[in-house]
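*Asks:* Only the shape, not the letters, is given here:
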């Protein structure tokens with residue numbers, strides 16, 4: 001079983017036990033996601049053929065992020081990139097997302113492997129920038145939820161996400 005290791009999210013808890021509880025829950029949720037997404041994934045052969053273009057875009061993403069964040073950016077682990085058959089994202093999310101999505105808490109990217117390398121790589125780049133945004137996780141009503149994530153802040157009192165707009169991309173990914 002793959003051990004869950006968060007790279008970017010900051011876990012906010014009052015005690016070490018609270019942090020441990022959140023990490024264990026995130027690991028459980030991630031493993032559940034892996035089981036749910038499996039029927040939508042492309043074949044291993046198709047994945048191996050697509051990985052070079054994802055690797056190239058990861059290199060581009062890191063260069064851009066390092067420019068704006070002004071510090072080295074760790075490579076995103078390719079085992080946390082899920083390539084689905086065309087239309088797989090829409091099917092998996094019951095129409096709530098198209099083309100791709102990421103999970104800033106559990107740190108993974110899922111995207112459709114389309115017939116267009118350009119479309120696939122641009123979707124990867126888009127989702128990768130979301131993951132590079134700062135994220136903090138806290139237990140809210142018994143669930144690990146983002147306290148803040150990139151351009152979204154979770155309002156503890158209203159118990160909802162609140163959009164905040166930034167003038168420059170650098171502000172959102174610092």
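*Replies:* The structure has been received and is ready for your questions. Just so you know, these numbers come straight off a predicted model, no measurement behind them. Numbering: from 1, shown residues only.

*Asks:* Doesn't residue 102 lie inside a strand?
*Replies:* Yes - under DSSP: H, G, I helix; E, B strand; the rest coil, residue 102 sits within a strand.

*Asks:* Can you classify the closest residue in space to it that isn't next to it in sequence by secondary structure?
*Replies:* Nearest non-adjacent residue to residue 102, counting by Cβ to Cβ, 6 or more residues apart in numbering: residue 127, 4.2 Å away. All C-beta atoms are positioned from the backbone trio N, CA, C, and that covers glycine. Secondary structure, three-state DSSP: residue 127 is helix.

*Asks:* pLDDT value on residue 128, please?
*Replies:* Model confidence at residue 128, given as pLDDT, is 93.

*Asks:* residues touching the closest residue to it other than its chain neighbours, list them.
*Replies:* Among residues not flanking residue 128 along the chain, residue 61 sits closest, at 4.4 Å (Cβ to Cβ, 6+ apart). Residue 61 is in contact with 73, 76, 124-125, 128-129, 132, counting by Cβ atoms under 8 Å, 6 or more residues apart in numbering.

*Asks:* So residue 49 versus residue 71, what's the distance?
*Replies:* Per Cβ to Cβ, to the nearest Å, residue 49 is found 33 Å from residue 71.

*Asks:* between those two, who's got more neighbours?
*Replies:* Using other Cβ atoms under 10 Å, the more surrounded residue of residue 49 and residue 71 is residue 49, with 13 against 8.

*Asks:* In which helix or strand does that one reside?
*Replies:* Assigned by DSSP states H and E, residue 49 falls within helix 44-69.
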